[in-house]
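Enquirer: Just a sequence and a predicted model for now, questions to come.
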Amino acid sequence: MKPKKKIFKSNIKLLELIILLFICILTYYQTTNFSFTNWDDEIVLLNNPAVTSLSFGNILSIFQSFTNYHYQPLVNLTYAIEYYLKEFDPFIYHLDNLILFAITSVLVYLFLFKLTENKIVSLIAAALFATHPLHAESVSWVTERKDMLFGMFFILSAYLYILKKRNSAKDYDIFIYISFILACFSKATAVTLPIILLLIDYFIDNKISIKNFKDKLLLFATGIVFGLINIMAQYQTINRSVILELPNLSFLERVLVISHNYIFYIYKTVYPFNLNAFYQYPDFDGNNIPLIYYISPIFIIGIFTVVYYTKKYFGNKLIFGILFYSTTIIPVLQIVPVGRAITADRFAYIPILGILFIVSVLLYEFYTRYFKTILLKRLAAASLTAIIIITGILAKNESYKWENSSTLYSDMIKKDSSNFIGYNNRGTVYFNENKLSEAENDFINAIKYNPEYSQAYNNLGLLENRKKNYEKAIGYFEKAISMNNNFAEAYFNAGNSFFNMNNPDTAIVYYRKAIGIDPGFAAAYNNLGKTLAMKEMYIESINAFKQAIVNDDKYSSAYYNLGLTYLKTRQNEAGINNMITAARLGNSDAINFCNTNNITWQK
């Protein structure tokens, strides 16, 4: 009979894992039919040459470079594998996000179960983690692959550490370290893991010893190294227009923002409604700061006071939960301002687990103390099931705004009618669909709600350029440049308008300004080369095209233009070779040239 009992318990555990996986799939299966968005997906994936090759040299380059001001080589490596399998088919990218999230949800259960040795608390927290609407952004947005990978390896490291403590075995050390490294290769916030491991020591031993610190010195040192690398990555933002659009806050205002953000994620955990993909800073300049900013520090003090004085009822469980949340949320509280958004749902991806753990502990304690009869226990189980179903439905509905770019930005505007980012980005969607009237209205609204938003002026310039109103376009580009004299794209676009006005000399000046700001701007080198060739400055033109190719070795137009210039200067062999390369990269003009001249270009 005893073996049967053991098998039964094992099956029950497997059933719990299957239920968690089913919950994740049921909540997010629809995301596999979603498209990419033009909100960072283009930067980190679609226009990222690093993801188009699995050669040894490219993989080495992935681990030596930054992407969109982040160090996330493991993210790029997974993109490269997916590109190798299905190129830019959104299905596989969304499917992998879902798979990684499902694995993480299971790991959350295993982690908490080994930590607390309480199956009910662990299952409640894991189910809420799997269905919480705050996670819809991270799961549904391909750009947030870094959350999926970082979260999985972060929780895996913590789980392995508990196994090590429970079994008093050092065999796990290498696997803990490898998981930590992989988490750091995915997202900078993974560097908080050593502190989380100390909290695990506190939870299990009810204390933290000097030995606990010594055992984690390598992890702390590694975290510092990755922290410095990511600071270097962020320093690349010095020329980005986003820096100029951050509010200039006093010390007191910065404290209020940090306090507000700390409370914000707790509030959204327990009340996950009206979630937005972009939360704006309040109007600090106009002194219209909402009351919540002033009272947030009081709430924080109150939370820690309550947690401390309830230790006699709950042991160190609530302390562990609030410190887990605090440790993992600190890097994203805007202590050092990053980006235009004051908060973001994705920032709570792992920190939310601390709050969900507290909620689960409170529910369990309430259940065991007050629900004594079978009827009450069944009622409690039904109520909890209803809560999980409701959060799952909310998460599913929340995910649909990520179906495509248009649904995303329309939802932003619906949630906040003054959302200038939503208007500007939806305007670019309309612009790309050649709906110029709708695009113009959105760009104008973006400026209405943020008169200093240089990107909207730049986009109005692009719109007028398409209408062939070149002088008006240049006026908008100049306006954007006046707001941000490091706006390389605005200089480049102004150069294009001058080129279209048959003013190559001024176009060259603007292209060179764009290159001076951004030496990696391949399109600026390409257009500079075309303009120099127009003036028959062929040597300089060839050098410009070559530099464009150095910056982007898959840039078919640069190969084509270089080939044309070589042919014009009677360097026929070099010209034909570059035409063949351009054709193999899919350049239609190069393909037509090769076919017309009976040049074999296909391998």
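Expert: Everything's here; your move. Residues are numbered from 1 along each chain as shown.
Enquirer: Which stretches in this structure count as strands?
Expert: Per DSSP state E, the chain carries no strands over any range.
Enquirer: Spatially central residue for it, please.
Expert: residue 144 (3.8 Å; CA atoms, centre = their mean).
Enquirer: got a list of what the residue nearest to it when sequence neighbours are not counted touches?
Expert: Using CB to CB, 6 or more residues apart in numbering and skipping residues adjacent in sequence, the residue nearest residue 144 is residue 138, 4.4 Å away. Backbone N, C-alpha and C define where each C-beta goes, glycine included. Counting by CB atoms under 8 Å, 6 or more residues apart in numbering, residue 138 makes contact with 101, 144, 147, 148, 151, 345, 346, 349.
Enquirer: Looking at those, which is nearest residue 187?
Expert: Using CB to CB, residue 147 comes nearest to residue 187 of these, at 6.7 Å.
Enquirer: Could you check how far the closest residue to the closest one other than its chain neighbours is from residue 168?
Expert: Leaving out its chain neighbours, the residue that sits closest to residue 147 by CB to CB, 6+ apart is residue 138, at 4.1 Å. According to CB to CB, to the nearest Å, residue 138 stands 36 Å off from residue 168.
Enquirer: before we move on, what about residue 342?
Expert: Residue 342 is 45 Å from residue 168, by CB to CB.
Enquirer: Give me the neighbour count for the closest residue to residue 292 other than its chain neighbours.
Expert: With sequence-adjacent residues excluded and distances taken as CB to CB, 6+ apart, residue 292 is closest to residue 260, at 6.2 Å. When neighbours are counted by other CB atoms under 10 Å, residue 260 registers 25.
Enquirer: now do residue 88
Expert: Per other CB under 10 Å, the neighbour tally for residue 88 reads 15.
Enquirer: And the one 10 residues further on, by the same measure?
Expert: By the other CB under 10 Å criterion, the neighbourhood of residue 98 contains 20 residues.
Enquirer: roughly how far apart are it and residue 117?
Expert: 30 Å.
Enquirer: can you pull the contacts of the closest residue to residue 274 other than its chain neighbours?
Expert: Nearest residue to residue 274, sequence neighbours excluded (CB to CB, 6+ apart): residue 415, at 6.0 Å. Contact analysis of residue 415 by CB under 8 Å, 6+ apart lists 274, 275, 276.
Enquirer: Count the residues that sit near residue 444.
Expert: Burial of residue 444 is recorded as 13 neighbouring residues (other CB under 10 Å).
Enquirer: That one and residue 276, how far apart?
Expert: For residue 444, the distance to residue 276 - CB to CB - is 22 Å.
Enquirer: Kindly report the same for residue 487.
Expert: Distance from residue 487 to residue 276, counting by CB to CB: 27 Å.
Enquirer: Which one of the two is surrounded by more residues?
Expert: More crowded of residue 487 and residue 276, by other CB under 10 Å: residue 487, with 27 against 20.
Enquirer: Please save the CA atoms from stretch 374-394 in CSV.
Expert: The C-alpha coordinates for stretch 374-394 follow below in CSV (Å, rounded to 0.1, in the frame of the first residue of the first chain):
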residue,chain,number,x,y,z
ILE,A,374,-16.8,21.7,4.9
LEU,A,375,-19.4,24.1,3.5
LEU,A,376,-17.2,27.1,4.3
LYS,A,377,-14.1,25.4,2.9
ARG,A,378,-15.9,24.7,-0.4
LEU,A,379,-17.1,28.2,-0.5
ALA,A,380,-13.6,29.5,0.0
ALA,A,381,-12.3,27.2,-2.8
ALA,A,382,-15.0,28.3,-5.1
SER,A,383,-14.3,32.0,-4.4
LEU,A,384,-10.6,31.6,-5.0
THR,A,385,-11.2,29.7,-8.2
ALA,A,386,-13.5,32.6,-9.3
ILE,A,387,-10.8,35.1,-8.5
ILE,A,388,-8.3,33.3,-10.6
ILE,A,389,-10.8,32.9,-13.5
ILE,A,390,-11.5,36.7,-13.3
THR,A,391,-7.8,37.7,-13.3
GLY,A,392,-7.2,35.3,-16.2
ILE,A,393,-10.1,36.9,-18.2
LEU,A,394,-8.7,40.4,-17.4
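Enquirer: For that stretch, buried residues please.
Expert: Across stretch 374-394, burial judged by 16 or more other CB atoms under 10 Å covers 384, 387, 388, 391, 392, 394.
Enquirer: same check, this time on stretch 503-522
Expert: For stretch 503-522, burial by neighbour count (16+ other CB under 10 Å) applies to 503-504, 506-508, 510-515, 517-518, 521-522.
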